[in-house]
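Visitor: My questions concern the predicted model and sequence given below.
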Amino acid sequence: MAFGAPSVKGRALRYLSQREHTRAELERKLERTLGDLPDAGAQIAAALDDLAASGLLSEARAAASVLHGQGARYGVRRLKQTLQSKGVAPELLAQTLQQARATEFERAQAVWQRRFGAPPADAAERARQMRFLAARGFEGDIIRRLVRGED
């Protein structure tokens, strides 16, 4: 490593200072930038182990961050896709999605209210509203209840 170049742990800390990351995300980022170093895989694993042991790297905080940051705009299906792409463990994923499901109708209602604010006037408008909510990752039964005006 050249003089002044950040260490593997320093680079990981810089990424973590910007936002919460999962271990899998940090591994991908660090391998992309430091993959040409000799013994890069072992250095990355050791640095991430140190960060996890000191509590700076936490998958639970990363999952909570996604839920808090994107939960108001997206449904459970979209959150699941995002969390899976970040490499969240299956049991943590299930727990996080269970929290999101508890408030999904209220979140969908808030998104719908901001976007449309009025019940659909005809079938074409109803289909448009339903497509919008489906694209945001909300469940089909939630969408139907909301667009029909059921509480």
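Guide: That came through, no problem.
Visitor: rest of the way, CA atoms for contacts and neighbours
Guide: Will do.
Visitor: how close does Q70 sit to L16?
Guide: Distance of Q70 to L16, computed by Cα to Cα, to the nearest Å: 18 Å.
Visitor: Ok, D49 next?
Guide: On the measure of Cα to Cα, D49 and L16 end up 14 Å apart.
Visitor: shaky segments in the chain?
Guide: Along the chain, segments meeting pLDDT under 70 span 1-5, 151.
Visitor: any idea where the strands of it begin and end?
Guide: With DSSP state E as the criterion, the chain has no strands.
Visitor: Go ahead and confirm Y74 touches R136.
Guide: Yes. At 5.0 Å, Y74 counts as touching R136 under the criterion of Cα atoms under 8 Å.
Visitor: Could you check how many residues crowd around G55?
Guide: 9 (other Cα atoms under 10 Å).
Visitor: Now it. Its backbone dihedrals?
Guide: phi 90, psi 10 (degrees, to the nearest 10).
Visitor: What separation do you get for it and R78?
Guide: 28 Å.
Visitor: ok, now G69?
Guide: Taken as Cα to Cα, the span from G69 to R78 is 13 Å.
Visitor: Compare those two and say which is more crowded by neighbours.
Guide: R78 (19 against 11).
Visitor: got a list of what that one touches?
Guide: 136-138 (Cα atoms under 8 Å, 6 or more residues apart in numbering).
Visitor: and which of those is nearest T22?
Guide: G137 (22.0 Å; Cα to Cα).
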